[in-house]
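Student: build me a model:
(2 chains)
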Number of protein chains: 2
Amino acid sequence: MPRILIEEQGHKIEVPILLTAVSGKIRVKNRSIVNEYGTPVAVRRDGFALSNYVEWQIGYDVVKKEVEKLAESSLPDTEFIGANGKTKALYELSEYIWYFYKWGIIEKRDLEEVVNYLNSIPDNNLIDNNSELQIDRSHPMAKSINGFDFEYTQVKYPLLMHKFHGYEIVTEIKITEKQYAVGTQPMLYLCFPITELKTQNNLIGRTANAKEVANFEITENNISVFLEMLKMFGILSNGHKHDVLQIINTILL
Amino acid sequence: MPRILIEEQGHKIEVPILLTAVSGKIRVKNRSIVNEYGTPVAVRRDGFALSNYVEWQIGYDVVKKEVEKLAESSLPDTEFIGANGKTKALYELSEYIWYFYKWGIIEKRDLEEVVNYLNSIPDNNLIDNNSELQIDRSHPMAKSINGFDFEYTQVKYPLLMHKFHGYEIVTEIKITEKQYAVGTQPMLYLCFPITELKTQNNLIGRTANAKEVANFEITENNISVFLEMLKMFGILSNGHKHDVLQIINTILL
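Tutor: You can find the predicted model right below:
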């Protein structure tokens, strides 16, 4: 991803969003009216529609050893130790909050409030420990399809959606299997309509240019959403809680 | 993946399986007794257990333009046009069947039977058109978690499992969203216990060596399973049906 643009005077951060990415953390998707379900859009072929939105698996850290990714952070010298023991720098979500704290728009007590909130949440209330948010598998049933005998089950993944009132921004928490252990792994996505993007030419009704980039603006009008998101990250799991508390420590330094 | 070893005399194909792959089409997984659910195993760290199995997203073709992958096929000069209009060569599943047909172990009528079977399946009986095998999403419910208001839904993915009687081989068909369109996309996985692998040293109870490879043997004793799998591929979708029919044409040439 290209680096963010920081307007110190205007207290504004412009995040470049690559609209044509077919893999990676940011995708343009389409929300069907029928079931609110998002499917990826081939924007170079099919163009943009009003029902399109950006799905962004936003991060909050970068491992310092990952030099290439570290170069994407505007704060490569910041430092904290992640729950996984790795030395990390602020990145994306934590980076934005760092600037708005420095600019005095986010105040010390806002951050302390998040710390107090997270410290008040018992471990077994964290999302990955929540017994109502586990991956569920239905009992197998015999099913014959075109002469083949199958056992049929449904694997059920919880999905949580939170709307930030007054904003066109939504977060989705998808709960999937952990990669190398038994248990679940919640993943947080930030979603907003493509109409929120700043572009030179209106997107709707046209196809994307090669490697087209549009900007998402973070200002004092919407930074509170990002602070709420950091708070929400902190309730995903013990590891996330540790990371978020360390990040706030680092910002307050 | 390293290339397969073809023993023309012994009518045997050895497929090298990279046990330590953490991504890609082959993974070592562990099946929990509690819910039959497979989770990936860190074989370098945690070692192998009797409950481990190989999950292999087996393919049947390679696009000829993909030179690097084409080099993994032992039949790069074979040719057919896939449902997506691309020129392809036989690979993996279709490659194995090509040899066993050439060796006279699979007979012409075996392949013709698959053709007749597939031609007898109406389009709307194909798995991706099956109304009972769609991705389901429960109606959203309000749910408050640690003070955040969420809408909670369950996204339900169908999973089909077929056991080949008399073999330790299972196929799983996972149904997921299509990447660039509305609709479902069935994916076929071949699973077998790690005890089916040929290794120099017994796997159970030890960790994997760096880049350790073990062999899976295809012989006249289990090739019928692979033919059944080709048949099963043909009922996944119209595109798969087209491909399988073209593959059989190519083998019979």
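Student: report all helices and strands that the longest helix along chain A contacts.
Tutor: Using DSSP state H, we find that the single longest helix of chain A is helix A:238-252. Applying 3 or more C-beta pairs under 8 Å, 6 or more residues apart in numbering or on different chains; DSSP states H and E, one finds that helix A:238-252 makes contact with strand A:80-81, strand A:87-90, helix A:93-102, helix A:108-120, helix A:223-234. (Glycine included, C-beta is placed from N, CA and C.)
Student: among the helices and strands of chain A, which has the poorest mean pLDDT?
Tutor: Every helix and strand of chain A was ranked by mean pLDDT, DSSP states H and E. The lowest is strand A:38-40, at a mean of 82.
Student: I'd like the next helix or strand past that one.
Tutor: Sequence-wise, the next helix or strand downstream of strand A:38-40 (DSSP states H and E) is helix A:43-46.
Student: hmm, the helix or strand harbouring residue A:172 touching chain B?
Tutor: Here residue A:172 is covered by strand A:170-177, with elements defined by DSSP H and E. Yes. Applying C-beta under 8 Å from any C-beta of the partner chain, one finds strand A:170-177 in contact with chain B at A:173, A:177.
Student: buried set for that strand?
Tutor: By neighbour count with 16 or more other C-beta atoms under 10 Å in any protein chain shown, strand A:170-177 contains the buried residues A:170, A:171, A:172, A:173, A:174, A:175, A:177.
Student: just list the residues touching the third one, thanks.
Tutor: Contacts for residue A:172 (C-beta atoms under 8 Å, 6 or more residues apart in numbering or on different chains) come out as A:55, A:159, A:160, A:161, A:188, A:189, A:191.
Student: residues near the residue nearest to residue A:12 when sequence neighbours are not counted, how many?
Tutor: Closest residue to residue A:12 apart from its sequence neighbours, by C-beta to C-beta, 6 or more residues apart in numbering or on different chains: residue A:219 at 5.1 Å. By other C-beta atoms under 10 Å in any protein chain shown, 14 other residues sit near residue A:219.
Student: residue A:219 and chain B, how far apart?
Tutor: Going from residue A:219 to chain B by C-beta to the nearest C-beta, to the nearest Å gives 23 Å.
Student: likewise for residue A:8?
Tutor: From residue A:8 across to chain B, the span is 32 Å (C-beta to the nearest C-beta).
Student: next up, phi/psi of that residue, please.
Tutor: Main-chain dihedrals, residue A:8, degrees, to the nearest 10: phi -60, psi -40.
Student: now do the phi/psi pair for the residue nearest to it when sequence neighbours are not counted.
Tutor: Leaving out its chain neighbours, the residue that sits closest to residue A:8 by C-beta to C-beta, 6+ apart is residue A:103, at 7.8 Å. With angles defined as degrees, to the nearest 10, residue A:103 sits at phi -80, psi 0.
Student: the residue lying closest to residue A:26 once chain neighbours are set aside bridge partners, please.
Tutor: Nearest residue to residue A:26 in three dimensions, chain neighbours excluded: residue A:56, at 4.9 Å (C-beta to C-beta, 6+ apart). Applying DSSP bridges to residue A:56 gives these bridge partners: residue A:26, residue A:190.
Student: show me where the stretch 101-250 of chain A dips below the pLDDT cut-off.
Tutor: A:180-182 (pLDDT under 70).
Student: for it, what lies in contact range of chain B?
Tutor: A:117, A:121, A:125, A:127, A:130, A:132, A:136-137, A:140, A:143, A:145-163, A:173, A:177-182, A:232, A:235.
Student: in the stretch 1-150 of chain A, what residue is nearest chain B?
Tutor: Using C-beta to the nearest C-beta, residue A:150 is the residue of the stretch 1-150 of chain A that sits closest to chain B, at 4.2 Å.
Student: OK, contacts around that residue?
Tutor: Applying C-beta under 8 Å, 6+ apart, we find residue A:150 in contact with A:142, A:143, A:144, B:160, B:161, B:162, B:173.
Student: cool, residue A:128 as well?
Tutor: Contacts of residue A:128 (C-beta under 8 Å, 6+ apart): A:175, A:183, A:184, A:185, A:186, A:236, A:237, A:238.
Student: and which of these is nearest to chain B?
Tutor: Chain B has its nearest neighbour among those in residue A:183, at 8.6 Å by C-beta to the nearest C-beta.
Student: how about the closest one: what's its closest non-neighbour residue?
Tutor: residue A:128 (6.6 Å).
Student: on the three-state scheme, the one you found is what?
Tutor: Of the three states, residue A:128 takes helix according to DSSP: H, G, I helix; E, B strand; the rest coil.
Student: kindly report the same for residue A:220.
Tutor: Per three-state DSSP, residue A:220 ends up coil.
Student: now for the closest residue to it other than its chain neighbours, how many residues are close by?
Tutor: Leaving aside its chain neighbours, residue A:220 sits nearest to residue A:105 (4.7 Å; criterion: C-beta to C-beta, 6+ apart). Neighbours of residue A:105 under the rule other C-beta under 10 Å: 16.
Student: any residues touching the least confident helix or strand of chain A, and which ones?
Tutor: Identification of contacts with strand A:38-40 by C-beta under 8 Å, 6+ apart yields A:22, A:27-32, A:53, A:55, A:191, B:177-182.
Student: buried only: go through those residues for me.
Tutor: A:27, A:28, A:29, A:30, A:31, A:53, A:55, A:191, B:177.
Student: for those, give me CSV that also has distance to residue B:202.
Tutor: Output for those, formatted as CSV (distance: C-beta to C-beta, whole Å):
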residue, distance to residue B:202
A:27, 45
A:28, 50
A:29, 48
A:30, 51
A:31, 52
A:53, 52
A:55, 46
A:191, 50
B:177, 41
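Student: which among these gets closest to residue B:2?
Tutor: When the buried ones among the contacts of strand A:38-40 are ranked by distance to residue B:2 (C-beta to C-beta), residue B:177 comes first, at 32.5 Å.
Student: just list whatever residues bridge to the closest one.
Tutor: Here residue B:177, judged by DSSP bridges, has bridge partners residue B:184.
Student: that one: what's it in contact with?
Tutor: With C-beta under 8 Å, 6+ apart, residue B:177 has these contacts: A:39, B:135, B:183, B:184, B:185.
Student: which of the residues you listed lies closest to residue B:62?
Tutor: Proximity of the contacts of residue B:177 to residue B:62 (C-beta to C-beta) peaks at residue B:185, which lies at 19.2 Å.
Student: OK, contacts around the residue of chain A most remote from its centre?
Tutor: Most distant residue from the mean C-alpha position of chain A: residue A:147, 44.1 Å away (C-alpha atoms, centre = their mean). With contact taken as C-beta under 8 Å, 6+ apart, residue A:147 is in contact with residue B:117.
Student: contacting residues around the residue nearest to residue A:26?
Tutor: By C-beta under 8 Å, 6+ apart, the residues touching residue A:56 are A:17, A:25, A:26, A:189, A:190, A:191.
Student: the third one: neighbour count?
Tutor: I take that to be residue A:26. Residues lying near residue A:26 (other C-beta under 10 Å) number 20.
Student: ok, it touching residue A:59?
Tutor: No. Contact criterion C-beta atoms under 8 Å: residue A:26 and residue A:59 do not qualify, at 11.0 Å.
Student: buried sites along stretch A:184-194?
Tutor: A:184, A:185, A:186, A:188, A:189, A:190, A:191, A:192, A:194.
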